[in-house]
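Chemist: sequence and predicted structure, then a few things I'm wondering about:
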Protein chains: 2
Amino acid sequence: MISLKQLRYFDLLAATGHFGRAAERAGVTQPALSMQIVSLERDLGAALVERVASGARLTAFGVEVAERTRRILAAVHDLEALGQARGAVLSAPLRLGIIPSVAPFLLPRLLDIAARDYPALRVSVRESITESLVEALVGGELDAIIASLPLHNAELEEEAAFQDAFLLVAPAGTRHARQSPALAELISADELLLLEDGHCIRDQALEVCRAIDPRRLRSFGATSFSTLLQLVAAGHGVTLLPELALNAGIVADERVAVVRFAAPDPSRTLGVAWRRRSPRERDFRALVGLVREAGAGEAA
Amino acid sequence: MISLKQLRYFDLLAATGHFGRAAERAGVTQPALSMQIVSLERDLGAALVERVASGARLTAFGVEVAERTRRILAAVHDLEALGQARGAVLSAPLRLGIIPSVAPFLLPRLLDIAARDYPALRVSVRESITESLVEALVGGELDAIIASLPLHNAELEEEAAFQDAFLLVAPAGTRHARQSPALAELISADELLLLEDGHCIRDQALEVCRAIDPRRLRSFGATSFSTLLQLVAAGHGVTLLPELALNAGIVADERVAVVRFAAPDPSRTLGVAWRRRSPRERDFRALVGLVREAGAGEAA
DNA sequence: TAAAAATACTCCATAGGTATTTTAT
DNA sequence: ATAAAATACCTATGGAGTATTTTTA
């Protein structure tokens, strides 16, 4: 009969790939963990890991079991949180994920507002691209994430906080800088500068510039807006910048001009997502309010 | 620390409402089960049941925990099934749900076909309305259900098997019986006879007869097509019958006429649904094939 | 008063610890 | 030869059994 102990140990083993380190993180000795893994393999009727000299390597079956294990442990985690959820709103520690194109501009104000309204709240933040945030969220490593919505994931629930418009940033004096309102159709593939692959804002920008064939883009991608702005200032092309970033004052270079697109101006929806049936839904809805206030504050 | 043992016992307690009977079903003594429930309550920090003279009554918190518990146990059940899933297709016992408006006409042929193609398969069937089938499916009591799709449930995956057309059944000689092709708009609320509330086919029939205000319907509802047909034969009104039922030969009364609607004739989609990430997806897709064959056989 | 659950206690299965051996590179 | 996991063996926690008491309608 399968036990949660087996699953907890196996989850750590899958994460570390090493019996000894998994045991250490579980707070037990290596043989204790080994025995539970063996018993889990017996219960499931197949090997979960391949024992190699460097440690443990998941079998294909093990990968499948590890994923299910994470979901089960996340559900148990939520069940345990259910008891505590009946305390004050946003009082329990919050493990928050946030995408890189938002984090530097929203987090400072968000944390200020949170500290003001919910002084007891302790927030730990992970910054990463949407894909890995969603994975961590579903796997129970995070409680909620701030990202561009919708995420199209049936296991998640989400609520929009505010709209973030895209603005065109071009070298001062060029035709794009004079254009008003800017037309996304006029941007060509060889002048558009974007963040590297994986950033949702890259895909969104390409969505805005429908005429561009993604394969014709320059192959490199920047890792930050600052880099992009430096490239634009040096005359290497144009880029799209979310209003959120602009309002945070990251454009302070006379060599670049910022142009608003014609209405309806392209924008993305920023908001909060969490696991369906998380007992902390009340917390997360309150968080949406904070994000909205932080976003509005930046936009003001 | 929460254990599956606690959850398994609590699930039985929630189902029986009685410590003694839950213990019996768990195969342990009453004190053993009681202690696990107490320890679960301690872990969750609140009472799950109210101890009354007649047994145990779930608290509001307990109801919430019971629902989560069922989901967790279903996920664990699926995990355990993962090991066995690598046997032959449709070889493990199948707990199948099926709606009443389909069961009597499809099941005989379906079971014949299954016995022919998968002699090792053991099927246990539960017949009930969609709502309770879905609940049982999500809770892990059933492996798959045959129902009218789509079910609009994010936790389920589904595949259509075949279309089942609606036919009009009217007393022979009346205007409806002469009408060809039949017009759903000509049916009035006081002559339409339907199954009782909860049967999906009732809602589907009302969907077909858009002009009818459901509140103006006769308040009673029949519990079977046979009853409906008797009523129609006796001249009490008309009803809609799925082609599946007709082909099973349940209309053998000269006093009633069956009329096909004009193209595009109204129909419902029948198919199979199962829990997302069930390891037996391969089984269920094979089942869809059987259902399709059984449905086509009836339609021939 | 009767049915049901909690408590008291006893026992044993098993999880986990330490020490050691086996395995793989 | 070395790191890692399995095995052997011992201990102790706690899950489960029986007997009994307490609770509640």
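Modeler: All right, it came through fine. Residues are numbered from 1 along each chain as shown, chains lettered A, B, ... in the order given.
Chemist: dump stretch A:258-267 to CSV, restricted to CA.
Modeler: Extracted in CSV, the C-alpha atoms of stretch A:258-267 (Å, rounded to 0.1, in the frame of the first residue of the first chain):
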residue,chain,number,x,y,z
VAL,A,258,8.9,56.6,-27.1
VAL,A,259,5.8,56.5,-29.3
ARG,A,260,2.4,55.3,-28.3
PHE,A,261,0.5,53.1,-30.8
ALA,A,262,-2.8,54.1,-32.3
ALA,A,263,-6.0,53.1,-30.4
PRO,A,264,-6.9,50.3,-29.8
ASP,A,265,-3.3,50.2,-28.6
PRO,A,266,-1.8,46.8,-28.2
SER,A,267,-1.4,45.6,-24.6
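Chemist: pLDDT averaged over it - what is it?
Modeler: Stretch A:258-267 carries an average pLDDT of 85.
Chemist: quick one: it to chain centroid distance?
Modeler: The chain centre lies 25 Å from the centre of stretch A:258-267; the measure is Cα atoms, centre = their mean, to the nearest Å.
Chemist: what comes up buried for it?
Modeler: Residues A:Val259, A:Phe261, A:Asp265, A:Pro266, A:Ser267 are the ones in stretch A:258-267 that count as buried (16 or more other Cβ atoms under 10 Å in any protein chain shown). (C-beta placed from N, C-alpha, C; glycine too.)
Chemist: how far away is the first one from DNA strand D?
Modeler: Right, A:Val259. To DNA strand D, A:Val259 is 57 Å away according to Cβ to the nearest atom of the strand, to the nearest Å.
Chemist: which strand residues bridge that residue?
Modeler: Under DSSP bridges, the beta-bridge partners of A:Val259 are A:Leu168.
Chemist: correct me if wrong: it contacts A:Thr174.
Modeler: No - the pair A:Val259 / A:Thr174 is not scored as a contact, 10.4 Å apart, by Cβ atoms under 8 Å.
Chemist: give me phi/psi at A:Leu90?
Modeler: Dihedral pair for A:Leu90: phi 50, psi 50, per degrees, to the nearest 10.
Chemist: output the lowest mean pLDDT helix or strand found in chain A.
Modeler: Least confident helix or strand, chain A: helix A:175-178 with a mean of 76, by mean pLDDT, DSSP states H and E.
Chemist: buried set for it?
Modeler: A:His176, A:Ala177.
Chemist: what average pLDDT does the next helix or strand after it get?
Modeler: The C-terminal neighbour of helix A:175-178 among helices and strands, as given by DSSP states H and E, is strand A:192-193. Averaging the model's pLDDT scores along strand A:192-193 yields 86.
Chemist: strand partners (parallel or antiparallel) of strand A:192-193?
Modeler: strand A:238-242 (parallel).
Chemist: can you name the next helix or strand after the partner strand?
Modeler: helix A:243-247.
Chemist: how far off strand A:238-242 does the strand or helix carrying A:Gln204 point, in degrees?
Modeler: Assigned by DSSP H and E, A:Gln204 falls within helix A:200-208. Interaxial angle of helix A:200-208 relative to strand A:238-242 (axes from the mean of the first three to the mean of the last three Cα atoms, to 10 degrees): 120 degrees.
Chemist: packing partners of helix A:200-208?
Modeler: Counting by 3 or more Cβ pairs under 8 Å, 6 or more residues apart in numbering or on different chains; DSSP states H and E, the packing neighbours recorded for helix A:200-208 are strand A:144-149, strand A:156-171, strand A:238-242, strand A:267-275.
Chemist: and of the buried residues of stretch A:258-267, the nearest to DNA strand C?
Modeler: Distance to DNA strand C across the buried residues of stretch A:258-267 (Cβ to the nearest atom of the strand) is lowest for A:Ser267, with 51.9 Å.
Chemist: burial check on A:Asp197, number of neighbours?
Modeler: 11 (other Cβ atoms under 10 Å in any protein chain shown).
Chemist: surely it meets A:Gly221?
Modeler: Yes - A:Asp197 is within contact range of A:Gly221, at 5.8 Å (criterion: Cβ under 8 Å).
Chemist: pull the number of nearby residues for the residue lying closest to A:Ala177 once chain neighbours are set aside.
Modeler: Using Cβ to Cβ, 6 or more residues apart in numbering or on different chains and skipping the chain neighbours, the partner closest in space to A:Ala177 is A:Ala257 (3.6 Å). Residues lying near A:Ala257 (other Cβ under 10 Å) number 21.
Chemist: strands of chain A, start to end?
Modeler: A:49-52, A:55-58, A:94-98, A:123-127, A:144-149, A:156-171, A:192-193, A:238-242, A:256-260, A:267-275 (DSSP state E).
Chemist: dump those into TSV; add distance to B:Gln204 as well.
Modeler: TSV is the format used below for these (distance: least, Cβ to Cβ, whole Å):
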stretch	distance to B:Gln204
strand A:49-52	50
strand A:55-58	47
strand A:94-98	43
strand A:123-127	47
strand A:144-149	34
strand A:156-171	29
strand A:192-193	51
strand A:238-242	47
strand A:256-260	50
strand A:267-275	34
